[in-house]
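**Q** Just a sequence and a predicted model for now, questions to come.
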Amino acid sequence: MRTIAMVLAAVVLSAAASSATAQQRAAPRDTTTKRLSYPVPPAARLVAITNATIMTAAKGTIPKGTIVIRDGKIAAVGADVAVPAGAQVIDGNGKFVIPGIVDAHSHSAAEAINEGTQSITAQVRMEDVLRQDALGLYRELAGGVTTLNILHGSANTIGGQNATVKVRWGLPADSLLFEGAPPGIKFALGENVRQTNRTVLPGQERRYPRTRMGVEELLRDAFTRAQEYRRDWQAYDRARKSAKKGQAPVPPKRDLQLDALVEVLEGKRLVHCHSYRADEILMMLQVAKDFGFRVASFQHVLEGYKVADEIAAAGSGASTFADNWAYKLEAWDAIPHNATLMAERGVRVSINSDSDERARRLYQEAAKAMHYGGASEEEALKMITLHPAWQLGIDKRVGSIEVGKDADLAIFNGHPFAPASRVEMTLIDGRVFFDRNTAPTLEYLMELIRQQQGPRQVTEVVP
Amino acid sequence: MRLRTLLACFAVPVTAAAQDGTWALTNARIETVTRGVVERGTIVIRDGIIEAVGANVTAPPDARIVDLAGKRVFPGLIDLTSTLGLPSAPAPAGQGGPGGPAAGQPASATVRNVGLEPGRVIAEELRPSATDVRAARDAGITAVLVAPSRGAFRGLSALVPLRDDSATRYVVRSPVALHMGFEGAQGSGFGGRYPATLLGVIAYERQSMYDAQHHAAQQERYRAGVRGVSRPSYDANLDALVPVVRGALPAFFDAERENEIRRAVAIGDEFDLKLTVVGATEGFRAIDALKRANGVVVSLDFPRPTAVTGWSYRSTQRRALNDSAATDSAVLRMLEANAATLNTAGIRFALSSGGLRAGEFLGNVRKAIAAGLPRDVALQALTVRAAEIAGVGAQLGSIEPGKIANLVVAERDILGDSANVRMVFVDGIRYEVIPPAPSETRRGGRTGGGRAGEREEAGEMARVAGTWDITVTTAEGENRATLTATQSGATLEGSMATELGTVQITDGRVTGQRVTFTITLPISGQTTPIVFRGSVEGSRMTGTVDLGAMGSATFIGDRKP
């Protein structure tokens, strides 16, 4: 998926570059006066966005309203909200404000994605490999995205621990983390973990499992081991409490892989499961039921419309593409109505990117749910804000414009679902991380690409 | 008389044997580093140890006197990032100990996990070539810390004096530290051995630390009362980690870029390690993290501007559009000023070569000084601070009575443009420096920086044309291929027959004895460029293979008659 995304990004960029060159010939832009400042200035303690159309994603749309932000939190929203004295005012006249977009499937901020050596790598953590300088992050800000679920790749049945981050582009890598977000983990089913699409080099061994049967067995075996491991620790805790002084028992050997799985069993770690086919989704639901945990979200879930009732009944979310399929056999039986059909059966549906490129236009992807499936405007908006936030367990903090929530907002120059609209400003915790008025030029971004990828790619990108 | 002695002193034939014994170095300007400068003084060396230093020291009657009027004496330099005397290729399978200790991968008795060997004792492997030793020593380096340059757990390093006779026997200290890094199992990647990626490596290191803590607790319990307690398993790799998790043995963590530094320091914090960050070429971006480290070794192998973390310098150092030369040189200045910035921030560090050859290393020291690092701090960082970080502050790093007699005699400042090192003492043994032939240039580092050395070697060009049997060795085994090449000047063309088909080689270049070329193969449905980098010696070619995301391998080529 990433490779395709990178090729797409290059194509889109080169198209954008040529049109920009044409524009420049028509009217040269004054680039010298535009100075970036990094890290971006800290947020003003008091900010007001006035006279804007506010799409709250929870309580309808306010045609001409004001949002007051105090210390990074939304302090007031409404049509009759007064601008407090001393507030920094952002004039929202003619503009649309939506909650910052939440992308439930991203690999943007990661320096490594797939530890594809073993079928179970529950011990690896995306948090360990975050990077702050990935150009994709900046594009995502320019597309109104404020929160990302940085997932491990899908090479392994039980992949690594994901990291929920805010797109605080320009700050050190560890300040990306969404503080307080519940931990999660990536699972994957089907062709990727069976490695049916991988060429095995001479001397390399095929990895277990080779079939969907094996995938299920691997899951059951892993969770059985996790149960035994948990029992060992419980026994140790009991022995420690009853032990006489000086006779403390030796604790069991700590196993980071099983630690993570025990957290899943105890409902402390959310499972995000890469899946395509209806049968494997049902299998995963059964395994989860047998071991007593909930799958927080099925990712991709292109055949989710076939088993929407089962997904809804299990309390799982579904995070899917708007209209992207047929890139492999198991992604064949997909329809663009998937998101809306699942939503109609009571599934909390999000639309994700799994791509640095698609992530910068998720609002258009959400609009497709209205176009194809006839979702309501608010439902479509929720698919990129409140629902993914719920799937990540952060819906109390972000995902809608409500008093008390983080001031993560995207300000558009028109309706976010209109094809020509674009993001003017993106705020995270009330801090302006993207402002089109001071945004770097395309040439500047090209230079960044050159810096990051080396000169060879640039010759392909620059016309 | 004096002139004659001097001439006799310096006109030593190339084959002259090193001389030890009792020495009195008289009339020299002595820069002790820790006790100021003696403008005209004497150093007495006996049995490899400095016996006396000062202006009023008299030469003992049994000493051979070397009149160093007009010359300067410095403590021998110490380089804490060296691979001197280590085999360049990984040892062949079947020769190693057990696998790494981390969970998840069963240890194999036949495959050696290169780079996953905390218990590897470097002092026992040293086989330095006389040429390498002399090249470093002639520049004034008298001791190096040897550890492998790749791997998650690289082994236990040794501080080695640059003598001609034996490296292992005279090791100053071993182990100095456990060396760690962020590279995974060699030849790994999809289908390879865990850990292959940064994700796996950090998890593997973390698990290994927990394993070592558990192992230590079991050992302690067993030692407290052997009877009735099941004994802990024997595991040399875990045994090596035990003093590390207890904070008794330092961990030297190779971390160059900002995020690497932060990750290394986070691991150090998590397990309360005695952590020294080695590399820190982007340290100016992670000063807060470096302040939490126990020690810092700053490499002077400056990264290329295109290789540094992408964003922040761009914003602060913005130049005219499309003027990448200007921005690149601005970045270069920031990188060269790294040591100066860290010094201003109050961080104490040693300077090291980062694997550069001695000439380039000292050339880059001059660049760091030109970029604002005080010259005296630079000298301390190459002597006394390096000794302290290596745990040998009592034995090395300055000219004081009782310390090991590692000294450099030069015509001018050892950190200046034309030091002209004339002789070097290591363990009190005198080694002459043979002046270069007039046609050679010794100032490579000053003009071309890190790349100057390549031009020097370009004089004689290897002959690569012909047919070669190539054997590529990965951790999984050997792959054979046949290279058929034609050469015109520095350009190499031809094809390579591999197990995945015959493909044209691209980007083929011959530089001196070095050869590089690339082939592109469809692996896992993706076209993957595979870069060969090697050197030619007669009818043999050896080097490394860069497999992109799948890691790296080594290769050997034999010319077909």
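**A** Here it is on my side, so go on.

**Q** So which bits of stretch A:267-276 are buried?
**A** For stretch A:267-276, a neighbour-count test (16 or more other Cβ atoms under 10 Å in any protein chain shown) marks A:269-276 as buried. Every residue, glycine included, has its C-beta placed from N, CA and C.

**Q** Pick the one among the residues you listed closest to chain B.
**A** Checking those against chain B by Cβ to the nearest Cβ gives A:R269 as the nearest, at 15.4 Å.

**Q** Report pLDDT for that closest one.
**A** pLDDT recorded at A:R269 is 98.

**Q** next one: B:Q186
**A** 60.

**Q** Poorly predicted segments of chain B, please.
**A** By pLDDT under 70, the low-scoring segments of chain B are B:1-19, B:88-113, B:186-191, B:306, B:310-328, B:436-459, B:475-477, B:524-525, B:549.

**Q** pull the longest helix from chain B.
**A** Counting by DSSP state H, the longest helix found in chain B is helix B:198-224.

**Q** Does chain A have contacts with it?
**A** Yes - using Cβ under 8 Å from any Cβ of the partner chain, helix B:198-224 comes into contact with chain A via B:198-200, B:202-203, B:206-207, B:210-211, B:213-214, B:217-218, B:221.

**Q** now those as CSV including neighbour count?
**A** Below are those laid out as CSV (neighbours: other Cβ atoms under 10 Å in any protein chain shown):
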residue, neighbour count
B:L198, 22
B:L199, 30
B:G200, 31
B:I202, 25
B:A203, 27
B:R206, 20
B:Q207, 22
B:Y210, 19
B:D211, 22
B:Q213, 19
B:H214, 18
B:A217, 15
B:Q218, 18
B:R221, 17
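
**Q** which of the residues you listed lies closest to A:D71?
**A** B:I202 (34.5 Å; Cβ to Cβ).

**Q** I'd assumed A:E127 was in contact with the closest one.
**A** No - counting by Cβ atoms under 8 Å, B:I202 does not reach A:E127; the two are 9.5 Å apart.

**Q** ok, how many other residues are close to A:T196?
**A** Using other Cβ atoms under 10 Å in any protein chain shown, A:T196 has 13 other residues around it.

**Q** Okay, domains of chain A per the record?
**A** With domains defined by automatic domain parsing, chain A comprises A:2-99+A:433-461, A:101-199+A:208-398.

**Q** Now do the end-to-end distance for the longest one.
**A** Same thing as domain A:101-199+A:208-398. 9 Å (Cα to Cα, to the nearest Å).

**Q** cool, stretch B:401-418 as well?
**A** Taking Cα to Cα, the first and last residues of stretch B:401-418 lie 29 Å apart.

**Q** now do stretch B:269-281
**A** 21 Å.

**Q** Any residue of that stretch touching chain A?
**A** No - counting by Cβ under 8 Å from any Cβ, chain A is not contacted by stretch B:269-281; separation bottoms out at 10.6 Å.

**Q** Okay, buried residues for that stretch please.
**A** B:271, B:273-281.

**Q** For the stretch 51-200 of chain A, what lies in contact range of chain B?
**A** Residues of the stretch 51-200 of chain A lying close to chain B by Cβ under 8 Å from any Cβ are A:111-118, A:120-121, A:123-126, A:128-133, A:135, A:152, A:155, A:160, A:169-170, A:172-174, A:197-200.

**Q** Select only the buried ones of these in PyMOL?
**A** To isolate the buried ones among those in PyMOL, judged by 16+ other Cβ under 10 Å, type:
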select buried, chain A and resi 111+112+113+114+115+116+117+118+120+121+123+124+125+126+128+129+130+131+132+133+135+152+155+160+169+170+172+173+198
